[in-house]
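Participant: Fold the following and give me the result.
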Amino acid sequence: MSESLQGLRALVTGGGSGIGRAIADCLVGEGAQVMVVDVDAATTPDVVADVSTTVGVDNVFRAVREELGGLDLLVN
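Facilitator: Modelled structure (predicted):
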């Protein structure tokens, strides 16, 4: 990446493993503050939620507001 992501706030859904985890790690490496969401608690995400449901999405964005104070980037 050519531009720094320093200070940007990012949310990565499905970030507990695989490509999602790789993206989250890359964003952190570029200086972003990253919140990882996954439906599988075993992958140790920051938030466990099923974002295919309204309740899950509400829970995620509540956590985003509380922990990050807002959002600049979304990877879904």
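
Participant: which residues does residue 50 contact?
Facilitator: Neighbour list for residue 50: 39, 56 [criterion: CB atoms under 8 Å, 6 or more residues apart in numbering]. All C-beta atoms are positioned from the backbone trio N, CA, C, and that covers glycine.

Participant: so what's the backbone phi/psi at it?
Facilitator: phi -100, psi 100 (degrees, to the nearest 10).

Participant: mind checking how far it is from residue 17?
Facilitator: From residue 50 across to residue 17, the span is 16 Å (CB to CB, to the nearest Å).

Participant: what sits up against the host helix or strand of residue 22?
Facilitator: Assigned by DSSP states H and E, residue 22 belongs to helix 18-29. Here helix 18-29 makes contact (CB under 8 Å, 6+ apart) with 1, 5, 10, 12-15, 34, 36, 38, 43, 73, 75.

Participant: Show me how to select, in ChimeraX, the buried members of the residues you listed.
Facilitator: Buried residues among those (16 or more other CB atoms under 10 Å), as a ChimeraX selection:
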select :5,10,12,13,14,15,34,36,38,43,75
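
Participant: Relative to residue 56, which of the contacts of helix 18-29 is nearest.
Facilitator: residue 13 (9.6 Å; CB to CB).

Participant: which ones are touching that closest one?
Facilitator: Here residue 13 is in contact with 20, 37-38, 51, 60, 74-76 (CB under 8 Å, 6+ apart).

Participant: In the residues you listed, find the pair that's most separated.
Facilitator: Farthest pair in these, by CB to CB: 38 and 74, 14.8 Å.
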